[in-house]
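>>> Output the structure for:
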Amino acid sequence: MAIELFRIDDRLIHGQVVVGWGQSMGLGFIALVDDEVAASEWEQELYRMGVPPEMDVYFKTVEDAAVALDDWFADERPGILLTGDIDTMLRLIELAPAVRSVNLGGIHYRAGRDLRLRYVYLTTDEEAALRLMQQRGVQVTAQDVPSARPVSLDDLLATETAK
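You can find the predicted model right below:
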């Protein structure tokens, strides 16, 4: 499978993804799945600026990404698929059951979210969506950088929250 990592990171394409994950995995492409970004040429151009010229970037809606998955799986180059939020990844999983694992990278603080890890804050609805992914056979882990130990969803949700 050429897509080596399905990652949720609210910053989408940034240095940690391109350098941290990209270099260690030898990425040939990034698939950014976001309905709004897929419709915005100027946002796409901003994200392209953070990617080396030898790495392809594909911008897709959830529906278009579900269709493109077979092509990405067939690509000989390693790739990463990014969504900016849990709901987008869940929608993709519902359309494409071939997704078997999801990495939580950066889900940062906003009102209503509780601290789970220094880089993961979740609402109760987001926790429920992650559990639904797990119930559908998707392995969900949190890991900010490749050298860090992956944290299972069960361990993540068992941590004390900061109120």
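>>> Count the neighbours of the closest residue in space to residue 62 that isn't next to it in sequence for me.
If the residues on either side of it in the chain are set aside, residue 62 comes closest to residue 91, at 4.7 Å by Cβ to Cβ, 6 or more residues apart in numbering. C-beta here means a position set from N, CA and C on the backbone, and glycine is covered the same way. Other residues within reach of residue 91, judged by other Cβ atoms under 10 Å, total 20.
>>> Pull the distance from the helix or strand that contains residue 91 to the chain's centre.
When secondary structure is defined by DSSP states H and E, residue 91 falls within helix 86-95. Mean C-alpha position of helix 86-95 versus that of the full chain (Cα atoms, centre = their mean, to the nearest Å) differs by 10 Å.
>>> Can you point out the buried residues in that helix?
86, 88, 89, 90, 91, 92, 93 (16 or more other Cβ atoms under 10 Å).
>>> Next, residue 70: phi, psi?
Backbone torsions of residue 70, given as degrees, to the nearest 10, read phi -60, psi -40.
>>> For it, give me its contacts.
Taking Cβ atoms under 8 Å, 6 or more residues apart in numbering, we find residue 70 in contact with no residue.
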